[in-house]
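> Just the structure for this:
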Amino acid sequence: MEADSSSSVKKETKTARPPRRLVGRLLRWIEHVLATVGLVMVVYWLAFDLTRITSDSMAPTLQGTNWKNGDLVLAERVSFWFRSPRRWEVIAFRTEDGRRVMKRVVGLPGERIQMLRGGRILIDGEEIFPPATLDFLSYFPFGNLTADQAVDCGEGYFVLGDESRDSDDSRFNGPVLPKDLSGRAWLILAPRQRAGWVR
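I've put the predicted structure just below:
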């Protein structure tokens, strides 16, 4: 009888301990999750950037007037690893005071840009027109961009807000230098009703 009771105690002890295989699997799963999270964070840090729109200077493309109602925009850096920004793209960049801003590229490095009445844009003396998908654009000759003078883009990109009546852009701050670029505005993530690709 004593032998039987000791063997039953041993069986209970074995079943009470968690199986080593289960613990090993759990640890491996945690390791994989942490590695995946780490990889995602590295990819985001290298290739993407999130910006909340807090000004209506890019309306109607990007909308918002404060942190609560502004579009949440994902910018990607990958394109600029292989090519330079193109005319009419919306780029993200940092201002001198560290703010992240998004504006549309109008003038490219090496070009001279000028604006006539009615918002007509001249590049190196020839008028250019936005693509049909951007026919809502309406620019205003303020600051350094007027019919009386042409602006040399130098090594930078001359950018304008889509709502240029109230946009702090290259007309007042000059062209954006390549070192200040942080990506291309790519995708509106929120609010849900406005989610989609940036035109």
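
> Confirm that residue 37 sits in a strand.
No. Counting by DSSP: H, G, I helix; E, B strand; the rest coil, residue 37 is not part of a strand but helix.

> distance of it from residue 180?
30 Å (CB to CB, to the nearest Å). Quick note: C-beta positions are derived from backbone N, CA and C, even for glycine.

> what about the two, which has more around it?
Neighbour count, other CB atoms under 10 Å: between residue 37 and residue 180, residue 180 has more, with 16 against 10.

> Pull up the gap between that one and residue 155, please.
On the measure of CB to CB, residue 180 and residue 155 end up 11 Å apart.

> go on, residue 116?
Residue 116 is 25 Å from residue 155, by CB to CB.

> for residue 45, same thing?
26 Å.

> Where does the prediction get shaky in this protein?
Residue ranges of the chain with pLDDT under 70: 1-18, 43-44.

> Show me how it divides into domains.
2-44, 49-197 (automatic domain parsing).

> Point out the most buried one among those domains.
Mean neighbour count (mean count of other CB atoms under 10 Å) peaks for domain 49-197 among the domains of the chain, with a mean of 17.

> end to end, how far does it reach?
Length of domain 49-197, first residue to last, CA to CA, to the nearest Å: 15 Å.

> Not counting its neighbours along the chain, what's nearest the most centrally placed residue in the chain?
The C-alpha lying nearest the average C-alpha coordinate of the chain belongs to residue 75 (CA atoms, centre = their mean; 1.8 Å). Nearest residue to residue 75, sequence neighbours excluded (CB to CB, 6 or more residues apart in numbering): residue 183, at 3.4 Å.

> give the contact list for the one you found.
48-49, 75-77, 80, 91-92 (CB atoms under 8 Å, 6 or more residues apart in numbering).

> Those into JSON lines, with extra columns for secondary structure and distance to residue 146?
JSON lines is the format used below for these (DSSP: H, G, I helix; E, B strand; the rest coil; distance: CB to CB, whole Å):
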{"residue": "48", "secondary structure": "strand", "distance to residue 146": "37"}
{"residue": "49", "secondary structure": "strand", "distance to residue 146": "33"}
{"residue": "75", "secondary structure": "strand", "distance to residue 146": "31"}
{"residue": "76", "secondary structure": "strand", "distance to residue 146": "34"}
{"residue": "77", "secondary structure": "coil", "distance to residue 146": "34"}
{"residue": "80", "secondary structure": "helix", "distance to residue 146": "30"}
{"residue": "91", "secondary structure": "strand", "distance to residue 146": "24"}
{"residue": "92", "secondary structure": "strand", "distance to residue 146": "27"}
